[in-house]
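In: What follows is a predicted protein model with its sequence.
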Amino acid sequence: VLYFGRYSEEKGVRTLLEVCGKLSHIPFVFAGDGPLKEELSQYNNIRNIGFLEGEELRTVISEAKFTIFPSIWYENCPFSVMESQWYGTPVIASDIGGVPELLQNGVTGELFSPGNVSELESAIVHLWSNRELCEKYTYNCGTVTFDTVEQYCEKLLDIYHNF
């Protein structure tokens, strides 16, 4: 199970760490850096591989069973949610900001209430223990497309012109 990004409060890392402590039988990989970095070493089931980019990050994402996006911040268009799906990896993500527009709940992953430890724990256990569902989400991620910048601008201009 992969988390990649900044190790900070607003990214929901403290919520994820609490869940990691409860799920000692599940291995977690953290890729990134940040102010909560030292806290990761308190958990035997977390492997911190540090900040990655480019092909190294792409490989780690595509090899993960699924990724976690536990943010408690109202992020408009979190690239990590899109990136996971592009590389065929399901996402368990906070139902906040622009995330519900990027993730198809029950199709390419699952949403949970931001900061809700029990919901995140349940979602992780559910997907970790249900191979068929995880394979279904993985397959569905392979069909996901997102608007290009040009397509997005066209849609936005249409909205403005029709307002």
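Out: The structure has been received and is ready for your questions.

In: correct me, but T108 touches V91?
Out: Yes. Here T108 reaches V91: they are 6.8 Å apart, a contact under CB atoms under 8 Å. In short, each C-beta sits where N, CA and C put it, glycine included.

In: which of those two has more neighbours?
Out: Applying other CB atoms under 10 Å to T108 and V91 shows that V91 carries more neighbours, namely 28 against 25.

In: From I159, how far out is that one?
Out: Separation of V91 from I159 (CB to CB, to the nearest Å): 27 Å.

In: Same question for R14.
Out: 37 Å.

In: Which one's more surrounded, those two?
Out: Taking neighbours as other CB under 10 Å, R14 and I159 compare with R14 leading, 17 against 9.

In: distance of the closest residue to the more buried one other than its chain neighbours from Q42?
Out: Nearest residue to R14 in three dimensions, chain neighbours excluded: L36, at 6.8 Å (CB to CB, 6 or more residues apart in numbering). Relative to Q42, L36 is positioned 11 Å away (CB to CB).

In: So between the two, which is more surrounded?
Out: Shown here are L36 and Q42; by other CB under 10 Å, L36 has more neighbours (18 against 10).

In: And the pLDDT at the more buried one?
Out: Among the per-residue scores, L36 shows a pLDDT of 98.

In: again, but for the one 10 residues further on
Out: On pLDDT, I46 comes in at 98.

In: What ranges does the chain have for its helices?
Out: 13-22, 37-40, 54-63, 79-86, 99-102, 117-129, 131-141, 149-161 (DSSP state H).

In: And the one helix or strand in the chain whose mean pLDDT sits lowest, how far out from the chain middle?
Out: For the chain, using mean pLDDT, DSSP states H and E, the weakest element among its helices and strands is helix 149-161, scoring a mean of 90. Helix 149-161 sits 27 Å away from the centroid of its parent chain (CA atoms, centre = their mean, to the nearest Å).
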